[in-house]
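Asker: Give me coordinates for this.
(2 chains)
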Amino acid sequence: GAVVSQHPSRVICKSGTSVKIECRSLDFQATTMFWYRQFPKKSLMLMATSNEGSKATYEQGVEKDKFLINHASLTLSTLTVTSAHPEDSSFYICSAREGAKQETQYFGPGTRLLVL
Amino acid sequence: GESVGLHLPTLSVQEGDNSIINCAYSNSASDYFIWYKQESGKGPQFIIDIRSNMDKRQGQRVTVLLNKTVKHLSLQIAATQPGDSAVYFCAESLYNFNKFYFGSGTKLNVKP
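Answerer: Below you'll find the predicted structure:
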C-alpha cells in the first residue's frame, strides 16, 4: 500500500515551453502533497506544499508563477513548469501524506526534466 | 528553512561491517526525525523515524539514535549489504509535520 506515482518519469522539452508533471496517490487519499526539487548530488529542496482544494503554499524563493501547482483531487496534484529554461532542469519529486497519518509522507519515483 | 547537515558526505564500508551515518540539525524545536534512503534516479524511501521523546529506536538491521543535547542524529546499519549502497538523508520536522527539511545526504558505498 501507500504508493505514489509520477508521470512522466523523464521529459525533455525546448526552452520556452511548459511542462506538466503529475503526482498521484494510488491507494490512499492524500490531503497534502509536497513538491521537491533535487539537483545532482544534492539534497531535496522543498518547493511547495499543496492541500486539496486550496492554494499551494510556496517556500521562500520559489516563484509561484513559474511553478504552478494544482491539487484538484485527493489523489492528484500537478506541477507545471511554465516557460521552462535550462536552469529549470532538475529532478522533481513529489510526496503525499494521508490525513489520518500526518507524520508519514510517501514519495514518488521522481521526474527528470531536461530543458534544452 | 531549517538547517540540517551531515558530517560525512561519503562513507565506504566493507560488506558485513556496521555503518554509522551522522546528521546534525539546528532547530531545537524539531521533534520528529526521519531517515530516508535514495537510490540513483529514484525517490526517497522511508527507513526509520524517531520522535524527540525517544533516544533510540530500532528497526530491522537499522537503529536511529537521537541526542537532543547536541542536536545530533545517527543511523546505524548492522551487517551492511551491497543493497544498502545509496544516499541517505535525514529530515526533520516540527510537531505539525507540515514541512520536512532534508540534510545534504551521505553516500554509502558498500564494498564486497
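Asker: Would you mind naming the residues that bridge with the residue of chain A found nearest chain B?
Answerer: Closest approach between chain A and chain B, counting by CB to the nearest CB: A:F107, at 3.8 Å. Bear in mind the C-beta positions are built from the backbone N, C-alpha and C, glycine included. With DSSP bridges as the criterion, A:F107 is bridged to A:S95.
Asker: Might you enumerate the residues of chain B proximal to chain A?
Answerer: Contact residues (CB under 8 Å from any CB of the partner chain) of chain B with chain A: B:1, B:32, B:36, B:41-46, B:49, B:89, B:93, B:96-105.
Asker: In chain A, what residue spans correspond to strands?
Answerer: Secondary structure of chain A (DSSP state E): strands at A:4-7, A:10-13, A:19-25, A:30-38, A:44-51, A:57-58, A:67-73, A:76-81, A:90-98, A:105-107, A:111-115.
Asker: Tell me which residues of the third one come out buried.
Answerer: So that's strand A:19-25. The neighbour-count check on strand A:19-25 (16 or more other CB atoms under 10 Å in any protein chain shown) flags A:19, A:21, A:23-25 as buried.
Asker: tell me the SS of B:C90?
Answerer: Assigned by DSSP: H, G, I helix; E, B strand; the rest coil, the conformation of B:C90 is strand.
Asker: Leaving out the residues flanking it, which one is nearest to it?
Answerer: Counting by CB to CB, 6 or more residues apart in numbering or on different chains, the nearest residue to B:C90 once its immediate chain neighbours are dropped is B:C23, at 3.6 Å.
Asker: Could I have the CA atoms of the host helix or strand of that neighbour written out in CSV?
Answerer: In the assignment (DSSP states H and E), B:C23 maps to strand B:19-25. Output of strand B:19-25 as CSV, limited to C-alpha atoms (Å, rounded to 0.1, in the frame of the first residue of the first chain):
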residue,chain,number,x,y,z
SER,B,19,27.7,1.5,9.2
ILE,B,20,27.1,4.7,11.1
ILE,B,21,25.7,7.8,9.3
ASN,B,22,25.6,11.0,11.2
CYS,B,23,23.4,14.1,10.9
ALA,B,24,23.3,17.4,12.8
TYR,B,25,20.2,19.6,13.0
